[in-house]
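Asker: here is my input; please provide its structure:
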Amino acid sequence: MMINEHISFQSSLSLEEFTKRLGKNMSLKRFQFDYENENNWSWTYDESNIEINISKPFEDGKLQEWDDSTPIGCNFSLSLLLKSEPESVEKNDLVIKKVISEYVVNIEKIIGQKAFYHRGNFLNKFEAENNVEEK
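Answerer: Model prediction:
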């Protein structure tokens, strides 16, 4: 199963400041930045070649407009992307237990509140293994 996971959260930090803190906490490669008329974003790759893409639209509500699974109030979205598929059940479990959980925990440490893993190929299994109740 391909990795295409989405975590959203609310923060008053700038994209640059949040990205700097996440990169330091998780020892990530240097982020690149870009923007367009509705959004600014940053991206890099981790040691497993998973792309980390962080978006912070300029207007409140844009994330929810683009993806109706995004919880109300969230103004940041972090996507984890890997085009090749994990070859085994063990690697699938690694994605759930290590990769997704590490990002959620680190985001929550930075922002001081809850981050929401709300869409992805591993969501149902993640929720079942972590006793997550429906929103």
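
Asker: okay, now the unreliable bits of this structure?
Answerer: 1, 83-97, 121-135 (pLDDT under 70).

Asker: rerun at 90
Answerer: Low-confidence regions of the chain, defined by pLDDT under 90, span residues 1-5, 37, 46-50, 69, 81-101, 117-135.

Asker: what residues of stretch 8-24 count as buried?
Answerer: With burial defined by 16 or more other Cβ atoms under 10 Å, the residues of stretch 8-24 counted as buried are S8, F9, Q10, S11, L13, L15, F18, T19, R21, L22, G23. Heads up, the C-betas are built off the backbone N, CA and C, glycines and all.

Asker: scratch that, stretch 31-46
Answerer: For stretch 31-46, the neighbour count (16+ other Cβ under 10 Å) marks F31, N39, N40, W41, S42, W43, T44, D46 as buried.

Asker: quickly name whichever of the residues you listed is closest to P57.
Answerer: The shortest separation between P57 and any of those is 4.7 Å, and it belongs to N39 (by Cβ to Cβ).

Asker: for the spatially most central residue of the chain, helix, strand, or coil?
Answerer: The residue lying closest to the centre of the chain (Cα atoms, centre = their mean) is L78, at 2.9 Å. What DSSP: H, G, I helix; E, B strand; the rest coil gives for L78 is strand.
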